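Asker: Here is a sequence with its predicted model. Questions after.
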Amino acid sequence: MKAVRVLEYGGQLVFNEVPTPSIARDEILVKIKNTAVNHLDLVEASGTARQILPIDMPWIPGHEFSGVVERIGSDVTACAPGDDVFGVSEIGGAYADYLAVKPAAIARKPSNLSFEEAASVPVASQTAWQGIFTHGHLEKGQTILIHGGAGAVGAYAVQLASHAGATVIATASSDDEAYLNSIGASRVIDYREAQFEKVLREKVDVVFDLIGGDTQKRSFLVLKEGGHLVATTQPVSQEETARHRVSGAMMRLAPSGDGLGSIARLLEEGTIRPDVATVYALQDAAQAWKDIAGNLSPSGPGAARRRSHGKIVLRVA
């Protein structure tokens, strides 16, 4: 099969032929249609976080995917060959024609989504769900502040929180205000023009921090006593949480086929929607990585070519 691999930490992406994976009795083989590009792929391949995110080289990137079940192991009963599915592989491997995974990692693809759209969903949507509900304990009638609301995870957080009956405030650029209002944000604070802690008149119940750094430090100032600060990019200071009498934690995605199934139902109902920015062929993955790296910085080369929201997707089949 064809696959994109990283041969060594910090190395270039290589597109070549590799053996098709075999499956165990409790696994399935998925013929990949599409996979999505995540910043996590770049971090893992660089080796900068190898102490907490080790990978075995050579490595095939790709944590989320859509495709069709090709074969099933003898113990598998939850799906059948020919099923359209989407899901998450914690160890990567989706930048390839085929991927072997456990049935618990997948859910049936929403019938109203294309394979390209479906591949953009699993990581961002589940991170948002677990961030605001599992770790943030967000409830109807509460107020949540989402930093980086126009990003892939942030956009799902905005939609899910709004659907849950919460008041949603997001920090983003003014260019994304109309987009965020259209998916459920009650208020958008332009981080380039105002400091959120100075313009918010009332404190919030939950902060979902997708930015880190000074943004996280200042977030303690807007949290109600007993509130929750959930971060995805860096640990939360326990000294600050104690001083402000709030809880705080850095989360890491725990993929769940059942959880993804719940998200699939919301997608089929039209309650939430995906957003695909750009689609590349698998062999052009290196360019896609340049784009996502550039999009992390407003001055990067990708910023001129790509919207600040939406996922980059790779077309495999």
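Answerer: Yes, it's here.
Asker: Please enumerate the strands of the stretch 51-200 of the chain.
Answerer: 64-72, 84-88, 98-101, 106-108, 143-147, 167-172, 187-190 (DSSP state E, counting those that start in this stretch).
Asker: Can you name the secondary structure element that comes next after the helix or strand bottoming out on mean pLDDT in the chain?
Answerer: Here the helix or strand of the chain ranked lowest by mean pLDDT, DSSP states H and E is helix 285-295, holding a mean of 86. Later in the chain than helix 285-295, the nearest helix or strand by DSSP states H and E is strand 311-315.
Asker: Which strands or helices does that following strand pack on?
Answerer: strand 28-36, helix 115-119, strand 276-281, helix 285-295 (3 or more C-beta pairs under 8 Å, 6 or more residues apart in numbering; DSSP states H and E). Where C-beta positions appear, they are placed from N, C-alpha and C, glycine not excepted.
Asker: Return the angle between stretch directions for the last one and strand 28-36.
Answerer: When you say that, I think you mean helix 285-295. Interaxial angle, helix 285-295 versus strand 28-36 (axes from the mean of the first three to the mean of the last three C-alpha atoms, to 10 degrees): 50 degrees.
Asker: Now helix 285-295: buried residues?
Answerer: Buried residues in helix 285-295, counted by 16 or more other C-beta atoms under 10 Å: Ala285, Ala288, Trp289, Asp291, Ile292, Gly294, Asn295.
Asker: Report all helices and strands that that helix contacts.
Answerer: Using 3+ C-beta pairs under 8 Å, 6+ apart, the elements in contact with helix 285-295 are strand 13-17, helix 39-46, strand 276-281, strand 311-315.
Asker: Mind doing that once more with 6 Å?
Answerer: For helix 285-295, the packing partners by 3 or more C-beta pairs under 6 Å, 6 or more residues apart in numbering; DSSP states H and E come out as strand 311-315.
Asker: To Ile91, which of the helices and strands packed on strand 311-315 lies closest?
Answerer: Ile91 lies closest to strand 28-36 among the helices and strands packed on strand 311-315, at 13.6 Å (C-beta to C-beta).
Asker: Count the neighbours of the nearest residue to Val18 once chain neighbours are set aside for me.
Answerer: Nearest residue to Val18, sequence neighbours excluded (C-beta to C-beta, 6 or more residues apart in numbering): Ala3, at 4.7 Å. Per other C-beta atoms under 10 Å, the neighbour tally for Ala3 reads 26.
Asker: Name the SS class of Ala3, please.
Answerer: Here Ala3 is recorded as strand under DSSP: H, G, I helix; E, B strand; the rest coil.
Asker: Report the beta-bridge partners for it.
Answerer: Per DSSP bridges, the residues bridged to Ala3 are Asn16, Ala96.
Asker: From Pro61, how far off is Leu7?
Answerer: For Leu7, the distance to Pro61 equals 12 Å [C-beta to C-beta, to the nearest Å].
Asker: centroid residue for the protein?
Answerer: Nearest residue to the geometric centre of the chain (C-alpha atoms, centre = their mean): Ala124, 2.2 Å.
Asker: Tell me the spacing between it and Leu210.
Answerer: 10 Å.
Asker: Overlap in contacts, these two.
Answerer: Both Ala124 and Leu210 are in contact with Val153, where contact means C-beta atoms under 6 Å, 6 or more residues apart in numbering.
Asker: separation between the spatially closest residue to Tyr156 that is not a sequence neighbour and Val206?
Answerer: Excluding the flanking residues, the one nearest Tyr156 by C-beta to C-beta, 6+ apart is Ala128, at 3.7 Å. Between Ala128 and Val206 the computed distance is 12 Å (C-beta to C-beta).
Asker: For Arg192, state which of the buried residues of helix 285-295 is nearest.
Answerer: For these, the closest approach to Arg192 (C-beta to C-beta) belongs to Asn295, at 16.2 Å.
Asker: Brilliant, that's me finished.
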